[in-house]
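A.B. asks: Provided below are the primary sequence and the corresponding predicted coordinates.
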Amino acid sequence: MTDGGSGATARPGPAAPTGGASTVDLDTCADEPIRVPGSVQPHGVLLAVSEPDLVVRQVSANLADLTGVAVADAVGVPLADVVGTAAADALRAHVRTFGDLRARNPVSVELPGRDHPVVADAILHRVATGGRPLLVVELEAADGPRPFSFPNTYQAVRGALERLNRAGTLEQLYDVAAQEVRTLTGFDRVMVYRFDAEHNGEVVAEARRADLNAFLGLHYPASDIPAQARALYETNWVRLIADVAYTPAPLVPVVDELSGQPLDLTHAVLRSVSPMHLEYLGNMGVRASMSISLLRDGRLWGLIACHHYSGAHAVPYGVRAAAEFLGSALSLRLVARAQDRELERELAAQAEIADVLRVARDPDRGLAEALAADHPGLLGVVPAHGLVVVADGRTATAGDVPGDVDALRAWVQEQPEPVTVRTALGVSDPALAAALPDVAGLLAVRLPDDQLVVWLRHEHVRDIYWGGDPHNKAIARREGDDVRLSPRKSFDRWREEVRGRCEPWAPEHVRAVEDLRSRLLEVIIVRNRWQMAAAHAVQLSLLPRDLPTVPGWALQARYVPAAGGRVGGDWYDALELPDGRFAVAVGDVAGHGLGAAAAMGQLRNALRAYLMRCADVREALVDLDELARRTMPEDMATVVVVVVDPLTGDASVGAAGHPRPLLLRADGDATLLPLRVDRPVGVGSGDPQVVDLHLEPGGGIVLYSDGLVDSRTTALAAGIERLMQHFDRPDPTVPVDIDEVVADCSDPDSKDDMTLLLLCRDVDLPAGARP
């Protein structure tokens, strides 16, 4: 695709294949030491010189082409003996004057030459080899505008900069850049590549010779530029291969004799190129190439790739410098233009977010319904086909939401990050993809308390036209005992239909969603405070202000909200019935907050009415379940009811999904009441069992909610055992401190509220005696 690719050669070992297949692959290719190739391109010469004595340590084998000095006479001698005294003095003065040598290149020097003096451009930089600093001097025969200077460079691109400034869109910028670079450098073809998030390249602009076929719109796989080559593009803005068919000039000696290390040519303009990349260019019919890096925040954003087909094409340093200047200017304008476009979309998303949050703060609307509303709505924040919102225990959707929402909820809650992006569910999460037919990608936000927002996108089928088959990136070829990779030979237009992927989520939309999450957390906190205050007020208004006083009986009850003051659906009740008996009850509505408190109030009042009407425990539970199923289909509750005759101590006990009461005997023994617990209220309690029993003087019964016995730190069985130990008394005359029981059984981290009710018959009241 562009210069910087790598190649690989591997010698078979014991596990090497013996047939046509090979274990050599692109991973092997990516490991090639392209920073230390040990050779340079021959359109210039290279010298590595020690400082401050300026003694030559390494040279390229073509040294005599510019200096007339043989390699054997150059290593280990003063620099002046190789380049001449005048040139050496000029270089010595330059390196002593300037710190950043690369920013001050080139230095114009006159070399002895083979037959006559040669004016050359000296390009300088420093490198550390084995911990020793070396000065690298690269010499190219001077050509192009002279003298080389910043004003000359600026004048060369001044018109191009003006045309770039007039470009109104990204596409116009691409086109102007391709045209101006071709005019400046004289290459047969100039292309602007843009890379996607996976480093695949697309030709977005092209200026070419009229007789050449078009590459505009073609894609090239990321493997055409391995990771280490991309890193070099981020280091060196311009890279020239003057002749694809060149014979490399090796360094002499191959390694520095003092350090024993090869010379790092990362910043060398003459650095030799991977043989595989040269073969790649040859397969494309390219005879010379140059690339200009386009960077964004220091990372490779794109490339301007220049190809020449009619022969070698040596571009003078001054022209390359002008091209680099143009590339840096273009990078700034491309980034600015792209950021403008992203900012426009981000501002539009922020405006939608502001509208959504205004609705979400309305205490009279449910949060899930507010977020899923059409106008305004979260589908305006991020374009998508469907939306799922789970908030305050409710689920709301908008748009097209196919499949199993419960599976989606469970999957989002398992994700490690608060914001999750997927573009190909069938590949990344096949189980979820099976549960969500027609959904190819999602953008999910995880919120506290199992709340979430998820945008869904359908499959986006599109055709991509590649420069050659991208699945045939390289061919393993055996050459004697060696196996090497050879790049694909065909770069003909190759069509691929891409399926199973959604349209990519734009980075600015992901950032907007991350911001939305932060602001939603604030809204949730405000709504939770309001709901907790309202729920607390509702609950306090419904719990008995004073428990009834029944002669001969002691009645105590405690309610403790969950950690953080979260009000749940627990309630307790005690009331005298028309026939002289009295009833006590403990219930627990699933959930927390205002909804649970409101449901609790309805069920509590309904149970009161049923008990007042008939005082039959079984009938009251059946009627309560029927009411809940018909009028409160989204709510579920557990409840235990005891109706007691205060004169005789006879009692009836029934429960729907609730923990069994503790029966207290006069001798101090505490046991779980042998009661079959039916299904909860709201799901069809069926035929609840009612147990008749006798509470003897000194005995009693304990009702409680599961929050008292089941928590993060205590299993249900252990919690019930701990509760029983408090009431299993060796000395029955010692009363139980109900506050001590609640304190001991409480879990500070529990998410559930706790209720405890204790009903005891006085020991000094004879059985059957009237109070």
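C.D. replies: Sure, I can see it.

A.B. asks: Run a quick check on residue 719 versus residue 713, I expect a contact.
C.D. replies: No - here residue 719 lies out of contact with residue 713, judged by Cβ atoms under 8 Å, at a distance of 9.4 Å. To be clear about C-beta, it is placed using only N, CA and C from the backbone, and glycine gets the same treatment.

A.B. asks: Which one's more surrounded, those two?
C.D. replies: residue 719 (21 against 10; other Cβ atoms under 10 Å).

A.B. asks: distance of the nearest residue to that one once chain neighbours are set aside from residue 600?
C.D. replies: The shortest distance from residue 719 to any residue other than its chain neighbours is 3.1 Å, reached at residue 709 (Cβ to Cβ, 6 or more residues apart in numbering). For residue 709, the distance to residue 600 equals 20 Å [Cβ to Cβ, to the nearest Å].

A.B. asks: More neighbours: which of these two?
C.D. replies: Shown here are residue 709 and residue 600; by other Cβ under 10 Å, residue 600 has more neighbours (26 against 22).

A.B. asks: Now the element after the helix or strand harbouring the more buried one, going C-ward?
C.D. replies: Assigned by DSSP states H and E, residue 600 belongs to helix 593-614. Sequence-wise, the next helix or strand downstream of helix 593-614 (DSSP H and E) is helix 617-631.

A.B. asks: what's the angle between the helix or strand just after that next one and helix 617-631?
C.D. replies: Note on helix 617-631: by DSSP H and E, the next helix or strand toward the C-terminus is strand 637-644. Inter-element angle recorded for strand 637-644 and helix 617-631: 150 degrees (by axes from the mean of the first three to the mean of the last three Cα atoms, to 10 degrees).

A.B. asks: Determine the angle, from 0 to 180 degrees, between strand 637-644 and helix 593-614.
C.D. replies: Counting by the same axes, to 10 degrees, strand 637-644 points 30 degrees away from the direction of helix 593-614.

A.B. asks: counting contacts, what elements does strand 637-644 pack onto?
C.D. replies: Secondary-structure packing of strand 637-644 (3 or more Cβ pairs under 8 Å, 6 or more residues apart in numbering; DSSP states H and E): strand 582-592, helix 593-614, helix 617-631, strand 650-656, strand 700-704.

A.B. asks: angle of it against strand 582-592?
C.D. replies: Going by the same axes, to 10 degrees, strand 637-644 makes 170 degrees with strand 582-592.

A.B. asks: Averaged pLDDT, strand 637-644. What do you get?
C.D. replies: For strand 637-644, mean pLDDT rounds to 93.

A.B. asks: how distant is that strand from the center of its chain?
C.D. replies: Centre-to-centre, strand 637-644 and its host chain are 50 Å apart (Cα atoms, centre = their mean, to the nearest Å).

A.B. asks: With stretch 181-191 instead?
C.D. replies: 40 Å.

A.B. asks: Would you mind listing the buried residues in that stretch?
C.D. replies: Across stretch 181-191, burial judged by 16 or more other Cβ atoms under 10 Å covers 181, 182, 184, 185, 187, 188, 189, 190, 191.

A.B. asks: Likewise for stretch 399-419?
C.D. replies: The neighbour-count check on stretch 399-419 (16+ other Cβ under 10 Å) flags 399, 401, 403, 405, 408, 409, 411, 412, 418, 419 as buried.

A.B. asks: Show me the contact partners of the helix or strand residue 94 falls within.
C.D. replies: Here residue 94, judged by DSSP H and E, is contained in helix 85-97. For helix 85-97, contacts defined as Cβ atoms under 8 Å, 6 or more residues apart in numbering pick out 51, 54, 78-80, 83, 101, 104, 107, 109-111, 122, 124, 135, 137.

A.B. asks: Thanks a lot, catch you later.
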